[in-house]
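Student: here's my sequence, what's the structure:
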Amino acid sequence: MTGADAFGTGDGGVSGSEMRNVISGGVFLDTVVQARHVTLQQSRPAIPALCGLPAPSPTFTGREAALAGLDEVLHPQGVATRVVPVAVVAGLGGVGKTELVVQAAQRAFRSHGWFPGGVLFVDLHGDDRRHRLAPDRALELLLRALGVSDDQTPSGLEERSQLYRSVLTSHAEHRGRVLVVLDNAGTSEQVRPLLPSDPDVATLVTSRRTLADLVNARLIELRALDGRDSVGLLRDAVRHARPGDTRVDEELREATNIARFCGHLPLALRIVSALLAEFPQRPLASIAHSLADTQRRLDRLKHGDMHVRAAFELSYQQLSQEHARALRLLARHPGPDICTESAAILLSAHQEGDSDDSAHSDGRSYDGVERILEDLARSHLIETGSEYGRWRLHDLVRLFAHELAEPDDSGMEGMTALLTHLIGVAYDATTHLRSERAPATRFETLKQALKWLDTEYPNLLALAPVAPTLPQAQLSFALLVALEDYLEHRRLYGDWVEFAKSALGGTGLDSLSEFWAQHTLGHALLNAGRYEETLAAATRTRVICHERQDWRGASMAEQQLASALSSLGRHDDAIEAHRRALLTRQGLEQDAEAAALHYFAGTLASADRLREAVEAEKLSLELWRELGEHRRTAKVLCALGDMYVRIGQLEESLSCCREGFSLLQELGDRREAAAAQYRLAVAFGRLNRGEEMVDAFAGAAELWHEVGDPPARAVALHSLGVTLRSMGRPVEAIRAHREGLTVGEERGDKRTQSEALTGLGLALADARDEADEADEGSGSEESEESERENEAVDAFMRSAALLRELGDREEAAATLNTAARYLRHLGRAQEADEVSEQAASLLSGGS
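Tutor: Reported below is the predicted structural model:
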């Protein structure tokens, strides 16, 4: 019984007298005696355990968004909704769930004063079979903390839960809101009986499982820290232990490596900080070196009772045999993530020894694997990716699962089936790069194909070193063939070289495959600008072809040699190589001769022998027309257009570029059409046909955007901006350069960003001058003018900084001088002098 005036006046009382019982100072569960006057005042609090929170860490770092989410749940204004506030913080063992909740609870209780009734805390040990608290035992502890004696606690779970909720409600009514923290919950069944029923009592739950079936609960998924916060935690923890310790700042690169080796997991980072604090003379490089060994990393991530491996073992022990085996096999996949379809192939092939088709076509197999993946994700032993249907393992969980590998976990069958499947899909996808009128595949459009390739490429790259170790021959070669068009499209020349080398190092290559892999290596090296290596690769290709008596291949090798020689400035040698290619192709198919003439023309043009180049290209064009090869015809027309521009035959250039562009449009080849339209814009420019030039540059930029070629789009946007500015249209130029800047920023391309920023600065300066002329005497807003001026100066300075990072000091100095001239034009002489000094310092070798 609670409160004052528990009984009022009644007819059964003493006649003419007031019977009044006053009971205060707590919640009472024992017998209350009715008498004329009873007054009881507790001499000491009856609830001694309502401040049972663990101490918060003084070096808590990051988690601002998660704390804000918990504040929303705990804020008193939520009481008005009459919804019982519950939040579940879920995540991998060691990710910092308990610390986050303790921080949030302490803030709400002590700093904000939101819970004057106190805080209850209980560790449920949900993942520890030896110490796990059953709900009835947890209720016994909670009731005891609320001041209920053991002899007043009922034995049944339901009765205990009802009493617990009643006591909490009564306590909140008389003392104010109460917060309950249920740490390390194992299942929703363990939690439900412990959830209050009063909106004035909030609950925070931590669990390694998502517990999404708790009604009305706010779910907060906690993942590893980002790189900056990881280093910050390391720094703060070391400095807290040893206030004068500056090792993290002095060895910032090693600190960043340590954070990466720890997988940005707070538990691992705290272990490392303890190791550093223990030995103040130990350099961070020493710890980074010890953690770099993946075979020993988990052994080294322990200190006292803190142990990363032990944290993971608690979760692993809860898995069924099927789920545990799936986790071990997923850890064998070397890529950063895996989709459900690929996981089904990997797991099912290993289990059944079937091909990837069985896993793909058997819905039960796919659905079964999907359920396993979802279960593992609920346990936070794997994580969901950027979109549903993609899954990934934390780096340390991957190492942990590797350690647990059993004899039948080699995954060889599954890995072979997975790679075979991915190669097939990749080849389907790159069909759209070879022709936009590709035969029907699983991808309807080029955009869909590129999305799949961009998503899966990191996995294919990681699988490349695995391919030669698998029993199926020529997988490395098949991977190269499937990806070469994509590698060229995305300009991944370094990777292309490595794929080709891997294919050549594989077993079971026949002579034709060896030729193609060697020729592809030369092509990749040529595109990568590694011309001396190209010469060696092409020479080896030529030897292979002569051994095979493959004269068409030998001619291709000569052309590759010629291209490398031309790029090295050895034009006479290049021309001689082309002549050998033409001689080799005599008597071969007409298309071989046409191709040889085209490449020969390119080399002649590089040597400035333009008249001869035009004649050779015209012969190539004639042959391609006779063969009805419209795509080749279009490409030769565009090349011929470039040559005509260089010799001043502008109308002929325009005619060739127009015809080439038209043909490519008809063929639906938007990527090549974009290049043709760009050439067309150049031809229009030479003829001083500005409006048509603007339209052509804009069209090329749009086409390159549609086909997913950001670098080419950036070039077109820059040309468009420069053209618009030269035509006195600075506002439109600003728009073009800003688009180009965005492209550069998205790709992390500093050169593109620098060019766009310089163009933007010039366009802003022009726009400012144009506005001055238009607004003369009109009283325009000075603040807007000042903003435009500052933005232009900032663009120049940012461009110069990027150029300095690229090591292009001369261009950086030129950009700074442009900024200085503009500042003088604005009358800001002192700033101009300072910028000029920076430019001079750069040119003289200063920083």
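
Student: low pLDDT regions in this protein?
Tutor: Residues of the chain that meet the criterion pLDDT under 70 lie in 1-49, 350-364, 409-411, 435-440, 586-588, 769-785, 846-847.

Student: so which residue is smack in the middle of it?
Tutor: Nearest to the geometric centre of the chain sits S386, at 7.9 Å (CA atoms, centre = their mean).

Student: tell me if that residue really is in a strand.
Tutor: No: read with DSSP: H, G, I helix; E, B strand; the rest coil, S386 is coil and lies in no strand.

Student: tell me how far it lies from R490.
Tutor: In this view, S386 and R490 are 19 Å apart by CB to CB, to the nearest Å. Yep, even glycine has a C-beta here, placed from its N, CA and C like the rest.

Student: thinking again about what came up before, angles on the backbone of the residue nearest to the centre of the chain, please.
Tutor: phi -70, psi -20 (degrees, to the nearest 10).

Student: ok, the one 4 residues further on next?
Tutor: Backbone geometry at R390, expressed as degrees, to the nearest 10, gives phi -120, psi 140.

Student: in the sheet, who's paired with it?
Tutor: C339 (DSSP bridges).

Student: identify the residues contacting it.
Tutor: Contact partners of R390, counting by CB atoms under 8 Å, 6 or more residues apart in numbering, are 337-340, 384, 455.

Student: spatially, which two of the residues you listed are the most separated?
Tutor: Pairwise distances across the contacts of R390 (CB to CB) peak at 14.4 Å, for the pair T384 and T455.

Student: got the contacts of R390 as CSV, with distance to L687 columns?
Tutor: Putting these into CSV (distance: CB to CB, whole Å) gives the following:
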residue, distance to L687
D337, 52
I338, 55
C339, 51
T340, 56
T384, 56
T455, 44
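
Student: out of those residues, who's the most crowded?
Tutor: With neighbours defined as other CB atoms under 10 Å, the most crowded of these is I338; it has 24 neighbours.

Student: can you tell me the closest non-neighbouring residue to that residue?
Tutor: Nearest residue to I338 in three dimensions, chain neighbours excluded: W391, at 5.7 Å (CB to CB, 6 or more residues apart in numbering).

Student: sorry, back to before: now the residue nearest to the centre of the chain: how far from N184?
Tutor: Distance of S386 to N184, computed by CB to CB: 29 Å.

Student: now S273
Tutor: Using CB to CB, S273 is found at 23 Å from N184.

Student: same question for H171.
Tutor: Using CB to CB, H171 is found at 24 Å from N184.

Student: neighbour count winner among these two?
Tutor: Each of H171 and N184 has its neighbours counted (other CB under 10 Å); H171 has more, 26 against 23.

Student: hang on, isn't that one packed against V178?
Tutor: Yes: judged on CB atoms under 8 Å, H171 makes contact with V178 at a distance of 6.0 Å.

Student: overlap in contacts, these two.
Tutor: Residues touching both H171 and V178 (CB under 8 Å, 6+ apart): G117.

Student: doesn't Y599 make contact with A613?
Tutor: No: here A613 does not reach Y599: they are 11.0 Å apart, not a contact under CB under 8 Å.

Student: quick one: the helices in the stretch 351-500 of the chain?
Tutor: Under the criterion DSSP state H, counting those that start in this stretch, helices of the stretch 351-500 of the chain are mapped to 356-361, 363-378, 395-403, 412-434, 446-463, 475-489, 493-505.

Student: buried ones in the second one?
Tutor: When you say that, I think you mean helix 363-378. By neighbour count with 16 or more other CB atoms under 10 Å, helix 363-378 contains the buried residues 365-366, 369-370, 372-378.

Student: and it, what does it pack against?
Tutor: For helix 363-378, the elements it packs on are helix 321-330, helix 340-352, helix 356-361, strand 390-392, judged by 3 or more CB pairs under 8 Å, 6 or more residues apart in numbering; DSSP states H and E.

Student: mind listing what's buried in stretch 279-288?
Tutor: Of the residues in stretch 279-288, 284, 287-288 count as buried by neighbour count, 16+ other CB under 10 Å.

Student: keep only those of the residues you listed that are in helices.
Tutor: By the criterion of DSSP state H, membership of these in helices covers 284, 287-288.

Student: ok, and for stretch 51-63, which residues are buried?
Tutor: Across stretch 51-63, burial judged by 16+ other CB under 10 Å covers 53, 56-57, 59-63.

Student: surely L163 forms part of a strand?
Tutor: No: using three-state DSSP, the assignment for L163 is helix, not a strand.

Student: the spatially closest residue to H125 that is not a sequence neighbour: how many residues sit nearby?
Tutor: The shortest distance from H125 to any non-neighbouring residue, by CB to CB, 6+ apart, is to H131 (4.1 Å). Using other CB under 10 Å, H131 is surrounded by 11 other residues.

Student: how close does H131 sit to Q318?
Tutor: Here the criterion is CB to CB. By it, H131 lies 14 Å from Q318.

Student: what does V88 give?
Tutor: Look at V88 and Q318: by CB to CB, they are 17 Å apart.

Student: now L535
Tutor: With CB to CB as the criterion, L535 and Q318 are 60 Å apart.

Student: and the host helix or strand of N184, which strands flank it?
Tutor: Take DSSP states H and E as the rule and N184 turns out to sit in strand 178-185. Sheet pairing here is set by DSSP bridges, and for strand 178-185 it gives strand 119-123 (parallel), strand 201-207 (parallel).

Student: report the angle between the last one and helix 363-378.
Tutor: It refers to strand 201-207. Strand 201-207 and helix 363-378 are oriented at 120 degrees to each other (axes from the mean of the first three to the mean of the last three CA atoms, to 10 degrees).

Student: tell me the first helix or strand C-terminal of strand 201-207.
Tutor: Downstream of strand 201-207, the first helix or strand assigned by DSSP H and E is strand 217-222.

Student: now do the buried residues in that next one.
Tutor: Buried residues in strand 217-222, counted by 16+ other CB under 10 Å: 217, 220, 222.

Student: surely the second one and V95 touch.
Tutor: No: between I220 and V95 no contact is recorded; they are 11.5 Å apart, counting by CB under 8 Å.

Student: what sits in contact with each of these two?
Tutor: Shared contacts of I220 and V95, defined by CB under 8 Å, 6+ apart, are absent.

Student: can you tell me the helix or strand for V88?
Tutor: Taking DSSP H and E as the definition, V88 sits inside strand 86-91.

Student: mind giving me the domain ranges of this structure?
Tutor: If you go by automatic domain parsing, the domain ranges for the chain are 1-46, 64-222, 227-310, 319-410, 715-771+784-843.

Student: how far out from the middle of the chain is the third one?
Tutor: It stands for domain 227-310. Using CA atoms, centre = their mean, to the nearest Å, the mean C-alpha position of domain 227-310 is found 24 Å from that of the whole chain.

Student: and that domain, end to end?
Tutor: Using CA to CA, to the nearest Å, the end-to-end distance of domain 227-310 comes out at 24 Å.

Student: how close does T507 sit to Q474?
Tutor: Remark: distance between T507 and Q474 (CB to CB) = 8 Å.

Student: which one of the two has more residues nearby?
Tutor: Q474 (18 against 10).

Student: tell me how far the more buried one lies from L419.
Tutor: Note on Q474: its distance to L419, by CB to CB, is 11 Å.
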